[in-house]
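structural data only, the sequence is not supplied:
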């Protein structure tokens, strides 16, 4: 079982952003729970999600897969998906797998929230 803290943040322009902070390991035993939580948040609460990985000290390929799936879900509904505060031990996994170039990764939760939503100029 993975602990996931969930907060709702409202930006200055009134956009609702869900901040999820999982704690512990994001691996084959917990990734599916996290995946379901992401799906639920994006489909029911807000299409803008920030995942704070400050308390995740281990992530494996299934953990990364759940993050990619969340990003795809948010993209489908023209939302945003950001990652922040990546734990030093988990950061290596992002770098080795080149996932650090796939995700929008911010140093702090504040920075990730300030950047939401990234509107595409038309």
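Sure thing, it's come through. Bear in mind the structure is a predicted one, so any value in this text is a computation, not a measurement.

what's the longest strand along the chain in contact with?
Ranked by residue count under DSSP state E, the longest strand found in the chain is strand 16-26. For strand 16-26, contacts defined as CB atoms under 8 Å, 6 or more residues apart in numbering pick out 2-11, 30, 34, 37-38, 41-42, 45-46, 48-60, 63, 66, 90, 109, 113, 116-117. Glycine gets a C-beta too; all of them are placed from N, C-alpha and C.

partners of that strand, with directions?
strand 3-10 (antiparallel), strand 48-52 (parallel), strand 56-59 (parallel) (DSSP bridges).

can you select the buried ones among the contacts of strand 16-26 for me in ChimeraX?
Buried residues within the contacts of strand 16-26, by 16 or more other CB atoms under 10 Å, are selected in ChimeraX with:
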select :2,4,9,30,34,37,38,41,42,46,48,49,50,51,52,53,55,56,59,60,63,66,90,109,113,116,117
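
mind naming the longest helix for this protein?
helix 61-76 (DSSP state H).

what sits against the most centrally placed residue in the chain?
Centrality entry for the chain: nearest residue to the mean C-alpha point is residue 51, 2.8 Å, by CA atoms, centre = their mean. Neighbouring residues of residue 51 by CB under 8 Å, 6+ apart: 19, 20, 21, 22, 38, 67, 70, 81, 82, 83, 84.

is it possible to get TSV of the strands paired with strand 16-26 that adds mean pLDDT and distance to residue 26?
What follows is the strands paired with strand 16-26, written out as TSV (pLDDT from 0 to 100; distance: least, CB to CB, whole Å):
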stretch	mean pLDDT	distance to residue 26
strand 3-10	96	10
strand 48-52	97	10
strand 56-59	95	4
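
returning to that earlier point: which other residues reach the helix or strand just after the longest helix of the chain?
Next in sequence after helix 61-76, counting helices and strands by DSSP states H and E, comes strand 80-84. For strand 80-84, the surrounding residues in contact (CB under 8 Å, 6+ apart) are 47-54, 67, 70-71, 73-75, 103-109, 111-112, 115-118.
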